[in-house]
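Asks: build me a model from this:
(2 chains)
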Amino acid sequence: MKYDLGPLGAAHKIRHADPHGVYVTKFKDAEHLIRLAAVVLLGFLLLLVLRSQYIPKSFGEFGFYRGAALAEISSKPINYAGHQACEVCHSEVLEIKKAGKHAGVNCEACHGPLAKHADDPSAETLKLPDTAVLCARCHEANLAKPKTFPQVVSADHSGGQVCKTCHLPHSPLLQPAPVLQSGGKK
Amino acid sequence: MTTRRHFLLLLPAAALSWEYLMAGTPEAAPNFSENEHWWGMLLDIDKCIGCGNCVRACSTENQVPEGYFRTWVERYHIEDWQQETPQVDSPDGGKNGFPPSTAVGGKNFFVPKLCNHCVDSPCTQVCPVGATFHTKDGVVLVDEKYCLGCRYCIQACPYGCRFLHPTKKTAEKCSLCYHRITKGLTTACAENCPTGARQLADLKNPADPIHEYLKTHSVQVLKPHLATGAKMFYHDLDGSVR
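Replies: Numbering: from 1, shown residues only, chains lettered A, B, ... in the order given. Predicted coordinates for the structure are as follows:
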């Protein structure tokens, strides 16, 4: 027994007689649905594969970010060794400095970044800074500087002489000793 | 017609995909030493002399491109009662110090600025891909390999602390010298501040002098009304500073 269901009848339930003459209910052209399911499944699998390819493996390790970034950022090289590194070898400077007004000024604040020198003293040697420029950066008078901070108008104060003629940079209230005036130890 | 056999043929592909997926699954977080720290900074307006040492040190330490700043210093001038309209200048970020003030009288002071490493940072909240994030020790970092350069975070930061790197085209900001503080050093700016106006603070370390300081001094964070949870504590901060 068959019905003419027209072009839209493909997915409708149709009763067929099985070989024993018993009527059963089944999908006609159920293959369409299975194909559709297969396409969806393949799409999902593709998504999983692409997702695993494009999202870094460490993403989500500690939060919504790439966990490996932490190690990458913290492993960047340093340029300023830190005053603790300087003081290991240059304890004689530390002795002068800590008794004076510049006790709180760290070495690299004036001498510049010297991490390479701290790793290997022969790799990089420090250049002595030009005190006329260096000292003025902090001590040139400016209205916005705290009133208690020692400030001078350098033109009036020194008459063109460089600061280290009269001031020992490591302890500015002291007169420079001849050995240090000539540039310290090489 | 799809048979059971066809379906079985799909199983190896499914298994392969599952393996790929599981490979991307995060491992359990190991017990990091970051748990033992909670970083912030103390900035003492009373001590800042506007020398620009911090700006230069930051530029050198972090290879900050010319004309951009991870930290900078501003000079404020307030004539009298004009709290809402202070005159602020910051020539080249204060990198080479400041020329003598042209103003006469009034209130004049320097304000060093940098990323506030906010607990509830607006920049992190808006990042669409997770390229900027909070570490467990309270530092906001940028993953430059993952950043798209969409600039959303730059707009979101209420403190103007971010910029787009001109050549890398990724967001940049102060990392609180994460590569230094994780090695037991202080930040480049604090290391090079001649007056101690900047001091790195570990708020989880009970021995850190910050605790005594915070108990005995009046401090303020920038834009407290935004409730960003800023961790840059300013001593003697004037109300005109934004």
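
Asks: and residue A:140, what are its phi and psi?
Replies: Backbone dihedrals for residue A:140, given as degrees, to the nearest 10, come out at phi -70, psi 130.

Asks: okay, now the closest residue in space to it that isn't next to it in sequence: neighbour count?
Replies: Leaving aside its chain neighbours, residue A:140 sits nearest to residue A:154 (5.9 Å; criterion: C-beta to C-beta, 6 or more residues apart in numbering or on different chains). From N, CA and C alone the C-beta is placed, and that goes for glycine too. Neighbouring residues of residue A:154 were enumerated by other C-beta atoms under 10 Å in any protein chain shown; the total is 18.

Asks: any idea which residue sits dead centre in chain B?
Replies: residue B:115 (3.0 Å; C-alpha atoms, centre = their mean).

Asks: the residue lying closest to that residue once chain neighbours are set aside - how many residues pack around it?
Replies: Leaving aside its sequence neighbours, residue B:115 sits nearest to residue B:174 (C-beta to C-beta, 6+ apart; 3.8 Å). For residue B:174, the count of nearby residues is 27 (other C-beta under 10 Å).

Asks: which pLDDT does the model give residue 8?
Replies: By default, I'm working from chain A. Note on residue A:8: pLDDT of 52.

Asks: can you look at chain B instead?
Replies: pLDDT, residue B:8: 71.

Asks: now the strands for chain A?
Replies: Secondary structure of chain A by DSSP state E: the strands cover A:13-17, A:23-27.

Asks: worst average pLDDT in those?
Replies: strand A:13-17 - the lowest mean pLDDT of the strands of chain A, at a mean of 56.

Asks: got a list of what the residue nearest to residue A:56 when sequence neighbours are not counted touches?
Replies: Excluding the flanking residues, the one nearest residue A:56 by C-beta to C-beta, 6+ apart is residue A:66, at 4.9 Å. Neighbour list for residue A:66: A:56, A:58-59, B:130, B:143, B:145-146 [criterion: C-beta atoms under 8 Å, 6 or more residues apart in numbering or on different chains].

Asks: got a ChimeraX select line for the buried ones in these?
Replies: Applying 16 or more other C-beta atoms under 10 Å in any protein chain shown to the contacts of residue A:66, the buried members can be selected in ChimeraX as follows:
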select /A:56,58,59 /B:130,143,146
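
Asks: redo the contacts of residue A:66 as JSON lines? Include distance to residue A:31 and pLDDT.
Replies: JSON lines is the format used below for the contacts of residue A:66 (distance: C-beta to C-beta, whole Å; pLDDT from 0 to 100):
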{"residue": "A:56", "distance to residue A:31": "41", "pLDDT": "91"}
{"residue": "A:58", "distance to residue A:31": "44", "pLDDT": "92"}
{"residue": "A:59", "distance to residue A:31": "40", "pLDDT": "93"}
{"residue": "B:130", "distance to residue A:31": "43", "pLDDT": "95"}
{"residue": "B:143", "distance to residue A:31": "48", "pLDDT": "97"}
{"residue": "B:145", "distance to residue A:31": "47", "pLDDT": "94"}
{"residue": "B:146", "distance to residue A:31": "45", "pLDDT": "94"}
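
Asks: look up the closest residue to residue A:109, ignoring the ones flanking it.
Replies: Residue A:109 sits nearest to residue B:192 (C-beta to C-beta, 6+ apart), 4.4 Å away.

Asks: from chain A, how far out is residue B:220?
Replies: As judged by C-beta to the nearest C-beta, to the nearest Å, residue B:220 and chain A stand 18 Å apart.

Asks: and that residue, how far from residue B:230?
Replies: Using C-beta to C-beta, to the nearest Å, residue B:220 is found at 10 Å from residue B:230.

Asks: now do the contacts for the residue nearest to residue A:152 when sequence neighbours are not counted.
Replies: Once flanking residues are discounted, residue A:152 sits nearest to residue A:139: 5.7 Å by C-beta to C-beta, 6+ apart. Residues counted as contacts of residue A:139 (C-beta under 8 Å, 6+ apart) are A:150-152, A:154.

Asks: tell me the confidence at the closest residue to residue B:119 other than its chain neighbours?
Replies: In space, residue B:119 comes closest to residue B:229 once its chain neighbours are excluded; the distance is 2.9 Å by C-beta to C-beta, 6+ apart. In this model, residue B:229 is scored at 96, pLDDT.

Asks: if I've got this straight, residue B:229 is in a helix?
Replies: No: applying DSSP: H, G, I helix; E, B strand; the rest coil, one finds residue B:229 to be coil, outside a helix.

Asks: separation between it and residue B:118?
Replies: 5 Å.

Asks: of the two, who's got more company?
Replies: Between residue B:229 and residue B:118, counting by other C-beta under 10 Å, residue B:118 is the more crowded of the two (27 against 14).

Asks: residues near the residue lying closest to that one once chain neighbours are set aside, how many?
Replies: Closest residue to residue B:118 apart from its sequence neighbours, by C-beta to C-beta, 6+ apart: residue B:228 at 3.9 Å. Residues lying near residue B:228 (other C-beta under 10 Å) number 21.

Asks: helices along chain B, start to end?
Replies: For chain B, the helices defined by DSSP state H cover B:4-23, B:53-62, B:122-126, B:152-156, B:178-181, B:188-192, B:210-216.

Asks: now render the ones you listed as a markdown table, adding distance to residue A:162 and mean neighbour count.
Replies: Output for these, formatted as a markdown table (distance: least, C-beta to C-beta, whole Å; neighbours: other C-beta atoms under 10 Å in any protein chain shown):
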| stretch | distance to residue A:162 | mean neighbour count |
| --- | --- | --- |
| helix B:4-23 | 65 | 12 |
| helix B:53-62 | 20 | 24 |
| helix B:122-126 | 46 | 18 |
| helix B:152-156 | 44 | 17 |
| helix B:178-181 | 33 | 21 |
| helix B:188-192 | 22 | 27 |
| helix B:210-216 | 38 | 13 |
